[in-house]
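> pasting a predicted model and its sequence here:
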Amino acid sequence: MIVFNKITELQNVLFDERKAGHNVGLVPTMGALHEGHASLVRRSVAENDVTVVSVFVNPTQFNDKNDLKNYPRTLEADCKLLEDCGADYVFAPSVEEMYPTPDNRHFEYPPVSTVMEGAHRPGHFNGVCQVVSRLFYIVKPDKAYFGEKDWQQIAVIKAMVKHLCLDVEIVECEIVRDNDGLARSSRNTLLSKDERAIAPNIYKALKDSVSYSKKHTVKETHDKVVGEINSIEGLEVEYFSIVDGNTLLDIDSWSDTDHAVGCITVYCGKTPIRLIDHIKYC
Ligand code: PAF
């Protein structure tokens with residue numbers, strides 16, 4: 001495995017790989033890697049001749065300076081995990097290398113990029129599109145792998161790929177959870193012991209609501225999830241939206257769609273740490 005910091009150095013090896021007829025898989029990450037990322041990398045290694053993993057904490061997608069400052073950075077441990085997973089190349093550029101000049105492009109794909117995370121984290125998806133499009137231009141992957149934990153992010157990236165006519169297949173990979181149900185996230189390392197102990201209640205409430213939803217309305221299901229989570233000291237729901245999985249618009253009735261998804265964001269603890277999760281109802 002080789003680690004590159006410079007775009008041209010990575011592009012030189014990828015030029016040779018392509019000349020040799022090798023196809024390329026890309027796993028974009030912000031580092032602080034865990035089993036969720038490892039599963040994406042293993043899948044890319046299984047499906048492509050060459051796997052590139054980018055490790056870059058992208059400043060343009062953080063709408064909160066403190067969040068950017070506190071985001072965990074663990075490049076050495078990340079490289080060890082990536083080597084174990086069979087990655088071929090790691091791309092870990094500096095901010096100056098990725099953005100030699102400010103990126104003034106503006107990406108908006110309403111409603112997918114403007115509801116839920118788009119509404120609560122202004123500018124977030126614009127920054128995601130800025131960096132992911134740059135990574136696609138640099139690496140020119142045949143396939144790119146994203147985790148379903150960031151479910152809305154995948155919908156936004158797919159809209160961007162269509163808009164920019166990019167020739168890359170977006171591969172959605174299943175969410176990876178700890179044994180107690182908490183979705184794996186780099187932010188979990190920021191949780192204190194007590195916060196970590198209450199965090200699994202988010203997925204528990206979501207999971208329990210699936211059977212409840214069979215005999216109750218969308219609103220009743222919504223209110224039950226929010227009430228259950230908010231009743232636990234240290235957890236506070238920012239939003240819980242039950243949406244049509246295709247349009248990402250709120251539904252009023254289960255019969256509005258055959259693909260209903262509940263998307264939740266919860267503040268955990270005093271800092272607080274912002275955790276996201278989702279559940280499919282049908
Ligand atoms: O999902 C993430 O970790 C990031 O949003 C991504 C896709 C690597 C872009 O910085």
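It's in. Numbering: from 1, shown residues only.

> could you pull up phi and psi at the residue nearest to the spatial centre of the chain?
Nearest residue to the geometric centre of the chain (Cα atoms, centre = their mean): Asp150, 3.4 Å. Main-chain dihedrals, Asp150, degrees, to the nearest 10: phi -90, psi 70.

> now Pro141: closest residue in space, sequence neighbours ignored.
Once flanking residues are discounted, Pro141 sits nearest to Leu26: 3.6 Å by Cβ to Cβ, 6 or more residues apart in numbering. Using the backbone N, CA and C atoms, a C-beta is placed for each residue, glycine as well.

> near the ligand, anything from the helix or strand where the one you found lies?
Leu26 is located in strand 24-29, with elements delineated by DSSP states H and E. Yes: for a cut-off given as Cβ under 6 Å from any ligand atom, strand 24-29 has contacts with the ligand, namely 28-29.

> name the SS class of Glu172, please.
Following DSSP: H, G, I helix; E, B strand; the rest coil, Glu172 is assigned to strand.

> for Ile264, which non-adjacent residue is closest in space?
Nearest non-adjacent residue to Ile264, counting by Cβ to Cβ, 6+ apart: Phe240, 4.6 Å away.

> gap between the one you found and the ligand?
For Phe240, the distance to the ligand equals 21 Å [Cβ to the nearest ligand atom, to the nearest Å].

> same check, this time on Leu166
Between Leu166 and the ligand the distance is 15 Å, computed by Cβ to the nearest ligand atom.

> ramachandran angles for that residue?
Backbone torsions for Leu166, taken as degrees, to the nearest 10, come to phi -90, psi 140.

> near the residue lying closest to it once chain neighbours are set aside, how many other residues are there?
Ranked by Cβ to Cβ, 6+ apart and with sequence neighbours excluded, the top spatial neighbour of Leu166 is Phe136, at 5.5 Å. For Phe136, the number of neighbouring residues by other Cβ atoms under 10 Å comes to 20.

> Phe136 touches Glu169, doesn't it?
No: the criterion here is Cβ atoms under 8 Å, and Phe136 misses it with Glu169 at 11.4 Å.

> now for those two: what residues contact both?
By Cβ atoms under 8 Å, 6 or more residues apart in numbering, Phe136 and Glu169 have these common neighbours: Ala144.

> residue numbers of the stretch 101-250 of the chain in contact with the ligand?
128, 131-132, 150, 153.

> do you know how far Cys173 is from Asp167?
Distance of Cys173 to Asp167, computed by Cβ to Cβ, to the nearest Å: 20 Å.

> the more surrounded of these two?
Looking at Cys173 and Asp167 with other Cβ under 10 Å, you find the greater number of neighbours at Cys173, namely 20 against 10.

> quick one: contacts for the more buried one?
Contacts of Cys173 (Cβ under 8 Å, 6+ apart): 39-40, 43, 145-148.

> let's see that with 10 Å instead.
27, 36-37, 39-44, 145-149, 154 (Cβ atoms under 10 Å, 6 or more residues apart in numbering).

> hang on, the earlier thing: please tell me I have it right and the residue nearest to Ile264 contacts Val261.
No: with contact defined as Cβ atoms under 10 Å, Phe240 does not reach Val261; the gap is 11.2 Å.
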